[in-house]
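**Q** next comes the sequence, and after it the predicted model I'd like to discuss.
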Amino acid sequence: MIIMQRSNLKITKELSGLVVLLMLLTCMLSPASAQESSSTSLDVDVQKYEPYPAEIGQYVDVWIKVENFRSGQSDDVSIRLVPEYPLSLDSENNAIKNIGILSPGTASVQEYRLYVDENAKPGTASFDVYYRGDSDSTWLKDTFEMKVGSTTFESRGTLELEETTADPGVFTPGDTGTISFTLTNTATQNTITFEGKDYDTNARIQSAFLSGSDNILVTSSEQDAGIIGPGNSVTLTFNVEIPDDTPDGTYYLDLSVLGNSHAYNNNWRVPVTVDSSALKMIPSKPLTLVNGEGKVQFDVANLHQNTLSSVSVRPEAEGVRFSPAEYFIGTMKPDELFTIEFTAVVENEEALTPLNLTAEYRNGFNEHSNTEEIGSFDITEENDGNTTTTAAAFGLVAVAGSSLFVYRKKKQDKIQE
């Protein structure tokens, strides 16, 4: 018995020691885990840099975007930029920027100024961006590149932005699409003479880059279109995305084109419109069903600024059967209105629910749908035609009988006289 008690006591002590050890390990690992998650919840990207490309022997401004894309809050966010040759900071004191608290779903944009060494060669230069979510966290690193300098050509062709086309023409939040640019070489002859020297009039697109904004994401990389002859054109197409939470409005993207030389580089600001309005559906007459059936009509209006395609409307209400089950309208231009009609038959009045209309449509290649509650049915009961006719017949018989009685009574009175 004594041996068993000692054995149990020994086991209890060992278990207690194990519990204490686990608690210590948890305390030691928890801060490290929290520090790691605080940093890994951050996303760092280069929003843009100007000028594009960076000019040799000149300063270039770089905008770094830091975003907290997870649910946890980062309490003390910092970033540090470390450039590599031929880039250098304007001042080492500006290497670290403290942002502070960054709540979930928020972002901060920090600006740096770098100098491009005068002996640099055209090509690409890289720089590292270190970031962390807390002062006790370890630094994480991302590496980025920028284009430096360009090859200079003596061609004298000049590019002009002739046309900009968006598909869809007006975006809805959540859409994806394309923006296309038609660039034309405005030269009208093959050569020109300047200060006694002949030059060809070719235009070159060494690179073309479309940069987005906080609300418009550009998912295509830079493009190289090569040589464009006099009077010829080329079309460049970039893919874009519109986040779901983008407010309505007009946003501007920057199209930067590297031409024959710095003197022939171009930068254009391109407007992109976002509109969240869609289809509006309202009843064009009361939702009245007589003796459990009737026809219901609705006006469907396109409030969106762009033409919508494949528009269809489907009525839904428990206990009611509709014919047709779905009405296909097709294409609707902005502010266009269609009136549609359904036959409704009540199959189960006890299960009757309010009427909903669901509209499905496309904006470009993007499929959308929206549902609106229209209202409740007004169910009325009326006698049918046969019942009304029978009642009228009984009424005529009663009137005829009354007339006959009066006539006979008058005749009897005359005989008695």
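**A** Yes, it's here.

**Q** which residues does the spatially most central residue of the chain contact?
**A** Nearest to the mean C-alpha position of the chain, by Cα atoms, centre = their mean, lies G174 at 2.2 Å. Counting by Cβ atoms under 8 Å, 6 or more residues apart in numbering, G174 makes contact with I242, P243, D244, N366. For every residue, glycine as well, the C-beta is placed using N, CA and C.

**Q** check what pLDDT T151 gets.
**A** T151 carries a pLDDT value of 73.

**Q** ok, now which ones touch the closest residue to it other than its chain neighbours?
**A** Among residues not flanking T151 along the chain, P122 sits closest, at 5.9 Å (Cβ to Cβ, 6 or more residues apart in numbering). P122 makes contact with I56, V148, G149, S150, T151, according to Cβ under 8 Å, 6+ apart.

**Q** show me which of the residues you listed are buried.
**A** Among these, those classed as buried by neighbour count (16 or more other Cβ atoms under 10 Å) are I56, V148, G149, S150.

**Q** okay if I get those residues as JSON lines plus distance to L258?
**A** Shown next, in JSON lines, are these (distance: Cβ to Cβ, whole Å):
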{"residue": "I56", "distance to L258": "14"}
{"residue": "V148", "distance to L258": "11"}
{"residue": "G149", "distance to L258": "10"}
{"residue": "S150", "distance to L258": "5"}
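
**Q** in strands, which of the residues you listed appear?
**A** V148 (DSSP state E).

**Q** which of the contacts of G174 sits closest to Q189?
**A** Closest to Q189 out of the contacts of G174 is I242 (43.2 Å), distances taken as Cβ to Cβ.

**Q** residues contacting that closest one?
**A** I242 makes contact with F171, T172, P173, G174, D175, T176, G177, N215, I216, L217, V274, according to Cβ under 8 Å, 6+ apart.

**Q** quick one, which of those residues are buried?
**A** Among these, those buried by neighbour count (16+ other Cβ under 10 Å) are F171, T172, D175, G177, I216, V274.

**Q** lowest-confidence one in these?
**A** Of all the buried ones among the contacts of I242, I216 has the smallest pLDDT value, namely 92.

**Q** residues near the nearest residue to that residue once chain neighbours are set aside, how many?
**A** Nearest in space to I216, with sequence neighbours left out and distances taken as Cβ to Cβ, 6+ apart, is Y251 at 5.2 Å. Close neighbours of Y251, defined as other Cβ atoms under 10 Å, add up to 18.

**Q** check contacts around Y251.
**A** Contacts of Y251 (Cβ under 8 Å, 6+ apart): S213, N215, I216, P271, V272, T273, V274.

**Q** before we move on, the earlier item: what's the residue nearest to the centre of the chain sitting at in phi/psi?
**A** Backbone geometry at G174, expressed as degrees, to the nearest 10, gives phi 100, psi -10.

**Q** just the one 10 residues further on next, same as before
**A** Dihedral angles phi and psi of T184 (degrees, to the nearest 10) take the values phi -120, psi 140.

**Q** for it, list the residues it contacts.
**A** Neighbouring residues of T184 by Cβ under 8 Å, 6+ apart: L159, E160, E162, I228, G231, N232, S233.

**Q** these in strands, which ones?
**A** Cross-referencing the contacts of T184 against strands under DSSP E gives L159, E160, E162, I228, S233.

**Q** okay if I get those residues as CSV plus distance to S323?
**A** Below are the ones in strands among the contacts of T184 laid out as CSV (distance: Cβ to Cβ, whole Å):
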residue, distance to S323
L159, 59
E160, 57
E162, 52
I228, 59
S233, 53
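
**Q** so L258 makes contact with S207?
**A** Yes - with contacts counted by Cβ atoms under 8 Å, L258 reaches S207, the gap being 4.6 Å.

**Q** who has more neighbours out of those two?
**A** L258 (23 against 19).

**Q** could I get the contacting residues of that one?
**A** Neighbouring residues of L258 by Cβ under 8 Å, 6+ apart: Y52, P53, K147, S150, I205, Q206, S207, A208, N265.

**Q** and it, what pLDDT?
**A** As summarised for this prediction, L258 has a pLDDT of 86.

**Q** from G212, how far out is it?
**A** Note on L258: its distance to G212, by Cβ to Cβ, to the nearest Å, is 19 Å.

**Q** next one: G231
**A** 32 Å.

**Q** comparing those two, which residue is more hemmed in?
**A** Neighbours per residue (other Cβ under 10 Å) separate G231 from G212, with G212 holding more: 19 against 14.

**Q** that one and Q58, how far apart?
**A** According to Cβ to Cβ, G212 and Q58 sit 25 Å apart.

**Q** could you look up the SS state of P247?
**A** Per DSSP: H, G, I helix; E, B strand; the rest coil, the local secondary structure of P247 is coil.

**Q** what sits against it?
**A** P247 makes contact with N215, V274 under the criterion Cβ under 8 Å, 6+ apart.

**Q** tell me, what's touching L258 and S207 both at once?
**A** Each of P53, K147 lies in contact with both L258 and S207 under the rule Cβ under 8 Å, 6+ apart.

**Q** so which strand or helix has the residue nearest to I216?
**A** strand 249-258 (DSSP states H and E).

**Q** after that strand, next one along is what?
**A** Counting by DSSP H and E, the next helix or strand C-terminal to strand 249-258 is strand 266-274.

**Q** I'd like the contacts of T184 laid out as JSON lines, including pLDDT.
**A** What follows is the contacts of T184, written out as JSON lines (pLDDT from 0 to 100):
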{"residue": "L159", "pLDDT": "92"}
{"residue": "E160", "pLDDT": "94"}
{"residue": "E162", "pLDDT": "94"}
{"residue": "I228", "pLDDT": "92"}
{"residue": "G231", "pLDDT": "94"}
{"residue": "N232", "pLDDT": "94"}
{"residue": "S233", "pLDDT": "95"}
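
**Q** any idea which of the residues you listed has the most stuff around it?
**A** Greatest neighbour count in the contacts of T184, by other Cβ under 10 Å, goes to L159: 24 neighbours.

**Q** now G100: how far from I79?
**A** 12 Å.

**Q** neighbour count for these two, which is higher?
**A** Legend: neighbour count by other Cβ under 10 Å for G100 and I79, higher for I79 (22 against 10).

**Q** list the contacts of the more buried one.
**A** I79 sits next to V44, I64, V66, I96, K97, I99, Q110, V129, Y130, Y131 when contact means Cβ under 8 Å, 6+ apart.
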